[in-house]
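Engineer: next input, structure requested:
(one chain, ligands or ions: 1)
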Amino acid sequence: MSGVRTHCPYCALQCGMLLQGVRDEVTVDADPTFPVNQGGLCVKGWSAAAVLTHPDRLRTPLVRDESGALVPASWDAALERVARRFQAVQRQYGPNAVGVFGGGSLTNEKAYLLGKFARVALGTANVDYNGRFCMASAATAASQAFGVDRGLPFPLDDIPQAKTILLAGGNVAETMPPIMRYFEAQQVNGGTLIVADPRRSATAQWAGLHLPLKPGSDIVLANGLLHVLVRDRLVDEAYIGARTRGFDDVRRLVATYWPERVERLTGVPEAMLIDAAHRLGRAPSAMILTARGPEQQAQGVNNVLAYINVALALGAVGRPFCGYGSLTGQGNGQGGREHGQKADQLPGYRRIDDPAARRHLAAVWRVPEDTIPGPGKSAFELLDSIGQESGVRALFVIGSNIVVSAPDARRVERRLEALDFLVVADFFLSETAQVADVVLPSAQWAEEDGTMTNLEGRVILRRRAFDPPEGIRSDLAMLTALAERLGRRSHFPSGDPRDVFDELRRASAGGPADYSGITYERIDANDGVFWPCSAADHPGTPRLFGDAFPTSDGRARFHAVAHRPPAEDRDDDHPLYLTTGRLMAHYQSGTQTRRIAALQEVAPEPVAEMHPTAARVAGVSDGQRVTLSTRRGTATFKVKVTRAIRDDTVFVPFHWAGAQSINRLTHAALDPVSGMPEFKVCAVRAIADTGETAE
Ligand code: SF4
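Structural biologist: Sure thing, here's the model as predicted:
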């Protein structure tokens, strides 16, 4: 096998791939030896080489000149301008006036160094990242229920042996197709997949049972399942008694979620609910998975807690081939939330308000403990503070295209316009980079080493195949150079990924996400190492919670969570639900995939999916255009009329910008604990396009 073994630049499956050839003629092949994908890739992975050689790539820093144009500049001039402006803003408004916004696609090394850069070089509390828009609700819920958050606390290899799996709000057949081999093996073994989704998605069509729930009704569905399980004596009382706390409150609460009421609130027929509950309750091995459907809501944490309640009541958590897991989406959505680019967190998944954690990091970073800032603003709060009193005045964005990916995107665009200074580091001139004062060109996945942590908690190594083109620097080099200009060079001795990873290992030692026993060599030799791994001779931990949970008493926690309507429900003016999601051919804000011809050919524009009844009421037919309006904005889309969606719901993918941006319509109501916005449900009006210009 020749070529460089590395991993896909996109989603959290982190498929193994082989890069062959020289930089400008590189080709991608699937790595048949990497155990996760075993030779499978999706269309995004197969076309990934094109982003490396794309003519749109930024090749030099850009700075905005006096005429308002972005013009090429040397690295020295660009970094000098960034350092001077950050210092000026902080002198005038205080350290927290500079915000840092990271991303869930950054390597662990970058996420770690970015968090340290914010706290040690800038001294700001305001650092957060776009994972707050993806996995934050599941992460918070898992921490509350189990004492630690690792998306899947078991390996993907457990899936084929699970007898019944409930997947809530995930369309993996489209978003990460190679994972389907695990579900196919489960089916061959006689297992059943149940999918809960307002759409009969590709995954739901493939599943044995589809629960077509109303957007925003996950808690009702989960509590209804548990009602039936309790009623029909299918809960595991011995497990509940020995390994959990809090079930009595939950038992009392779910007594009020009888099937008839659940049908009324969710739209899932009573018989279907009972069938699903019985399949879960009678399975020797039951698994519950959630994805962005229930998670990306203003009650995302409670939605996930309700599903976790079901898994705990079944006695499934901590047993092989069973349990609860969240399917992480972004490439390093897992590692990116562990090592300190979150507003409330220090590396190793430590809390920033924990005195012991602060002491540990102060020693690793060689700074006085009291100079480490406290908790900052969560992602949307940080963006929304711009232009407000005590808000952020200058912003450093790295690996994120917030103009497209943030909710209520027009509001975010207006906030960015109010900034004194915006810096963006990216591969391309993204929609966010286009409005920056300084743009810094970043090296890409195949041009630098770095570790990623896939959706199983497996730490893997993305290997460098060749150097970046002339004029482009790695983000690690950029951060260390900037730290030097801010007078903190001695705290950032090296921008080499191995050196940064070694420091990350020390920083994470003893924390919930302990990487201290993981080395590049061990990853190489073992196709990745599962965290926690606390010593060189520790084997890693593919499966968590076997004997105990990392809580104060070793037990998991039930949480009694009652249904609340969505932040914005349907009414006469806006009679439909709007929900958003991803397509197979595109990734997140589309900065990369919208530039790839092969992917654009598959999905050239966002298309609104509508049920024939909703389309008839709106006055549109298949292929015509519909204008969607919410209280935030209006946009027009081509329509696909399909029976594979509820008749009260419209679905639009979110990968596009400008007039095609569905996030200009979404709602920025936030989960009070996780800070997750309400991407998955808001009220919308649909009428046939009159040809007037969209807002
Ligand atoms: Fe694999 Fe995800 Fe890349 Fe597709 S996008 S090849 S599923 S890692």
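
Engineer: which stretches of the chain aren't confidently modelled?
Structural biologist: Along the chain, the model assigns pLDDT under 70 to residues 1-2, 692-695.

Engineer: show me what contacts the closest residue to the ligand within it?
Structural biologist: When scored by CB to the nearest ligand atom, the chain has Gly45 as its residue closest to the ligand, at 2.5 Å. Bear in mind the C-beta positions are built from the backbone N, C-alpha and C, glycine included. Going by CB atoms under 8 Å, 6 or more residues apart in numbering, Gly45 touches Cys8, Tyr10, Cys15, Met17, Val28, Ala30.

Engineer: do Val82 as well
Structural biologist: Under the criterion of CB under 8 Å, 6+ apart, the neighbours of Val82 are Phe396, Val423, Val438, Leu440, Leu482, Arg485.

Engineer: ok, and of those, which contact the ligand?
Structural biologist: Of the entries in the contacts of Val82, none also sits close to the ligand under the rule CB under 6 Å from any ligand atom.

Engineer: what comes up buried for stretch 378-395?
Structural biologist: For stretch 378-395, the buried set under the neighbour-count rule, 16 or more other CB atoms under 10 Å, comprises 378-386, 391-395.

Engineer: cool, and stretch 203-221?
Structural biologist: If you call a residue buried by 16+ other CB under 10 Å, then stretch 203-221 has these buried ones: 203-204, 206-207, 209-221.

Engineer: before we move on, back to that, okay, and which of the contacts of Val82 map to strands?
Structural biologist: Phe396, Val423, Val438, Leu440 (DSSP state E).

Engineer: out of those residues, which end up buried?
Structural biologist: When neighbours are counted using 16+ other CB under 10 Å, those contain these buried positions: Phe396, Val423, Val438, Leu440.

Engineer: which one of these is nearest Ala138?
Structural biologist: Proximity of those to Ala138 (CB to CB) peaks at Phe396, which lies at 27.1 Å.

Engineer: list the residues that contact the closest one.
Structural biologist: Contacts were defined as CB under 8 Å, 6+ apart; by that measure Phe396 touches Val82, Phe86, Val98, Gly99, Val100, Phe101, Val423, Ala425.

Engineer: switch the cut-off to 6 Å
Structural biologist: Taking CB atoms under 6 Å, 6 or more residues apart in numbering as the criterion, Phe396 is in contact with Val100, Val423.

Engineer: what parts of the stretch 1-150 of the chain come near the ligand?
Structural biologist: That would be Cys8, Tyr10, Cys11, Leu13, Gln14, Cys15, Asn37, Leu41, Cys42, Lys44, Gly45, which are the residues of the stretch 1-150 of the chain within reach of the ligand (CB under 6 Å from any ligand atom).

Engineer: same thing with the stretch 151-300 of the chain?
Structural biologist: Met176, Pro178.

Engineer: quick check on Val617: phi, psi?
Structural biologist: When quoted as degrees, to the nearest 10, the phi and psi of Val617 stand at phi -60, psi -40.

Engineer: just Thr453 next, same as before
Structural biologist: In this entry, Thr453 is assigned phi and psi values of phi -120, psi 120 (degrees, to the nearest 10).

Engineer: what sits closest to it if chain neighbours are left out?
Structural biologist: Gly335 (3.3 Å; CB to CB, 6 or more residues apart in numbering).

Engineer: so how far is Lys342 from that neighbour?
Structural biologist: The gap separating Gly335 from Lys342 is 12 Å, by CB to CB, to the nearest Å.

Engineer: and these two? Which one has more around it.
Structural biologist: Gly335 (30 against 27; other CB atoms under 10 Å).

Engineer: and the strands in the stretch 251-400 of the chain, which stretches?
Structural biologist: If DSSP state E, counting those that start in this stretch is used as the criterion, the strands of the stretch 251-400 of the chain fall at 286-290, 323-326, 345-346, 350-351, 394-398.

Engineer: could you dump the residues of the stretch 1-150 of the chain next to the ligand into CSV and include secondary structure?
Structural biologist: As requested, these are exported to CSV (DSSP: H, G, I helix; E, B strand; the rest coil):
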residue, secondary structure
Cys8, coil
Tyr10, coil
Cys11, coil
Leu13, coil
Gln14, coil
Cys15, coil
Asn37, coil
Leu41, coil
Cys42, coil
Lys44, helix
Gly45, helix
